[in-house]
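*Asks:* predicted model and sequence follow; I will ask about them next.
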Amino acid sequence: MNMGYSRTIIITGGAGFIGSHVVRLFVSKHPDYHVINFDKLTYAGNLANLTDIENKPNYTFVKGDICDYELVKKVISENNVDGIIHLAAESHVDRSITDPFIFAKTNVLGTLTLLQAAREFWEPSRWEGKRFYHISTDEVYGALELTNPEGLESPFVTKASSAGHKAYGRTFFTEETRYQPHSPYSAAKASSDHFVRAYHDTYGMPTIVTNCSNNYGPYQFPEKLIPLFINNIRNRKPLPVYGKGENVRDWLYVEDHARAIDLIFHKGKVAQTYNIGGFNEWKNIDIVRLLIKTVDRLLGRPEGADDDLITFVTDRKGHDLRYAIDSRKLQRELGWEPQLQFEEGLEKTVRWYLGNQDWLDNVTSGDYQAYYERMYKCR
Ligand code: NAD
Ligand code: TYD
C-alpha cells in the first residue's frame, strides 16, 4: 500500500548518526514520501535522535534486523517500497578489530539480504522506478601516502575546507581508486559494495554507491573521535590519541552528507559511484587541540587548562595513515557543494554536545552501555 504517497522508501540504519540526519531531511523535505526507518537499534541506534520528527504522518519506524530475510521482504512488499537508502552497518573500526564477525554478518550478509529481498519484489516490474542506494565509506580505498606531515597548500578548496586549505599528500581517492581495505570494518564495507555492484551487473538492479569521508556533527555515538573527545574534555578525562596523532582524516559535516544523499538518490546515474567529501584534511592532533580550545572557551575555562588531557596511547592496529576524498565528480556532474566551513561546523558541533548533555549522559551511562554490551556479546 502506498497510502496516497508518491513514493515509499526504506532508510536502513535511520536511528544511527548519519541515518537520523537522512531520515530527518527526507521526512521534512519530501512530505509526499512515506519514509520507513528500518533499524535494529543496536548500541549505536537511538530513537532519541529522531524525537523532533517521530510524529510526522509520513514517518514509520520498524525495528528489525537487515539480516532477517522474511521481515525485510514483508516490509518491502506490504508497503510497495520503491527505493532503499542503505546505511545500516556496524561502523566503528576499533570494534571491528576486536569482533570482526558481526561486521561480516551485518555489513556483508545484511546488505546481501536486502539486495535479494528487493530483487525478489522488484525484478518482475523490470526495475521500473526502483532504486537501491548503498552508503559506503572512503575507507574501502585503503590509505593514502602522507608525504608532507606539515601540509601542502591544497589544490582543491570547497566551502567546507578549513582556513589553512591543507593537503598532506598529492594523491586523493577518486572513484577509480583500487579497493584496498585494511580493517575488518573497511573489508566488510568493501565486500558489501561489490555485492551491490554485482546486483546491477548480474540482474540489472538500479543501484548507486557513494563513498564518503569522515562525518562529524550532532548525534554521533561518543566512541568516535570527535564526540568522545568533546565528552572527555567536558568531564576532564584523558584523551587517548592513537600513535603520535599524525594520521589524517578528511572531515565533512553530516548535514552536507545528508544533502548529497538526497541529491544523488534523485539525480544520480544508475550504476555510478560518487565520492563525497569537502576537501578538508586534518591531522588528528590538530583536531584534538582545536577541540580542547573550543570546549574550554565555551565552558569559560582558561586557555590551555585542559591541554594536559592529551595522552598518547598505543596505535590502532593497521591504522590507515591518510584519507582524502576527491569529490569533483559529484560537484561537476550533480552540482553538489558542501555548505558548512569546518571551523564553524566544529564549533556548532561542540555547542550541540555541550547543550545536549542529557543525550550524552544517557548514551554513556552505565545502564545504556551495560545493556548494549550484553547484546553485543551475545550476537
Ligand atoms: P552508526 O553506527 O551511528 O549507525 C548505524 C545504525 O545501523 C544504527 O542505528 C544501528 O542500530 C543500525 N544497525 C546496525 N546493525 C543493524 C542491523 N543488523 N539491522 C538493522 N539496523 C542495524 O553509523 P553511522 O556513522 O551513522 O554510519 C552509517 C553508514 O554510513 C554506515 O554504512 C557507514 O559505513 C557509512 N559511513 C559512515 C561514515 C562516518 O564517518 N560515520 C563515513 C562514511 C560512510
Ligand atoms: P574514528 O572517529 O574512529 O573514525 P575512523 O577510524 O573511521 O577514521 O577515528 C578518527 C581518527 O581518530 C582515526 O585516525 C583514529 C583516531 N582516534 C584516536 O586517536 N583516538 C580515539 O580514541 C579514537 C576513537 C580515534
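*Replies:* Perfect, thanks for sending it. Ligands and ions are numbered 1, 2, ... in the order given.

*Asks:* how about residue 244, what does it touch?
*Replies:* Residues in contact with residue 244 (Cβ atoms under 8 Å, 6 or more residues apart in numbering) are 285, 312. Every residue, glycine included, has its C-beta placed from N, CA and C.

*Asks:* and it, what's its pLDDT?
*Replies:* For residue 244, the model assigns a pLDDT of 97.

*Asks:* extract the C-alpha set from stretch 144-154 and format it as CSV.
*Replies:* What follows is stretch 144-154, C-alpha atoms only, in CSV (Å, rounded to 0.1, in the frame of the first residue of the first chain):
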residue,chain,number,x,y,z
LEU,A,144,47.0,7.3,1.0
GLU,A,145,50.6,8.4,1.3
LEU,A,146,51.3,11.1,3.7
THR,A,147,54.2,12.9,2.0
ASN,A,148,54.1,16.2,3.8
PRO,A,149,53.4,16.0,7.6
GLU,A,150,53.2,19.8,7.8
GLY,A,151,50.6,20.0,5.0
LEU,A,152,50.8,21.5,1.5
GLU,A,153,48.6,24.2,0.0
SER,A,154,45.7,22.1,-1.3
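
*Asks:* check whether the longest helix belonging to the chain comes near ligand 1.
*Replies:* Secondary structure of the chain per DSSP state H: the longest helix is helix 184-203. Yes. Using Cβ under 6 Å from any ligand atom as the criterion, contacts between helix 184-203 and ligand 1 involve residue 189.

*Asks:* okay, stretch 114-125 in CSV with CA atoms only?
*Replies:* Output of stretch 114-125 as CSV, limited to C-alpha atoms (Å, rounded to 0.1, in the frame of the first residue of the first chain):
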residue,chain,number,x,y,z
LEU,A,114,18.4,-6.5,1.5
LEU,A,115,19.5,-6.8,-2.1
GLN,A,116,18.0,-10.2,-2.5
ALA,A,117,14.7,-9.3,-0.9
ALA,A,118,14.4,-6.1,-3.0
ARG,A,119,15.3,-8.2,-6.1
GLU,A,120,12.5,-10.6,-5.4
PHE,A,121,10.0,-7.9,-5.2
TRP,A,122,11.3,-5.5,-7.9
GLU,A,123,12.6,-7.8,-10.7
PRO,A,124,9.1,-8.7,-12.1
SER,A,125,8.5,-4.9,-12.6
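
*Asks:* show me what counts as buried in stretch 92-112.
*Replies:* Of all the residues in stretch 92-112, those buried under the rule 16 or more other Cβ atoms under 10 Å are 92-93, 95-97, 100, 102-112.

*Asks:* kindly report the same for stretch 179-195.
*Replies:* Those buried within stretch 179-195 under the rule 16+ other Cβ under 10 Å are 181-193, 195.

*Asks:* contact partners for residue 316?
*Replies:* 93, 94, 97, 242, 243.

*Asks:* ok now stretch 155-167, how far from the chain's centre?
*Replies:* Distance, stretch centre to chain centre, for stretch 155-167: 21 Å (Cα atoms, centre = their mean, to the nearest Å).

*Asks:* ok, back up a step: if we look at ligand 1, which of the buried residues of stretch 92-112 are close to it?
*Replies:* 106, 110.

*Asks:* name the residues of the stretch 151-300 of the chain found near ligand 1, please.
*Replies:* Contacts of the stretch 151-300 of the chain with ligand 1, taken as Cβ under 6 Å from any ligand atom, map to 189, 212, 214, 215, 221.

*Asks:* again, only this time at 5 Å
*Replies:* The stretch 151-300 of the chain comes close to ligand 1 at residues 212, 214, 215, as judged by Cβ under 5 Å from any ligand atom.

*Asks:* how about the nearest residue to the residue sitting furthest away from the middle of the chain, chain neighbours excluded?
*Replies:* When each C-alpha in the chain is compared with the mean C-alpha position (Cα atoms, centre = their mean), residue 302 comes out farthest, at 34.0 Å. What sits nearest to residue 302 in space, not counting adjacent residues and going by Cβ to Cβ, 6 or more residues apart in numbering, is residue 296, at 7.2 Å.
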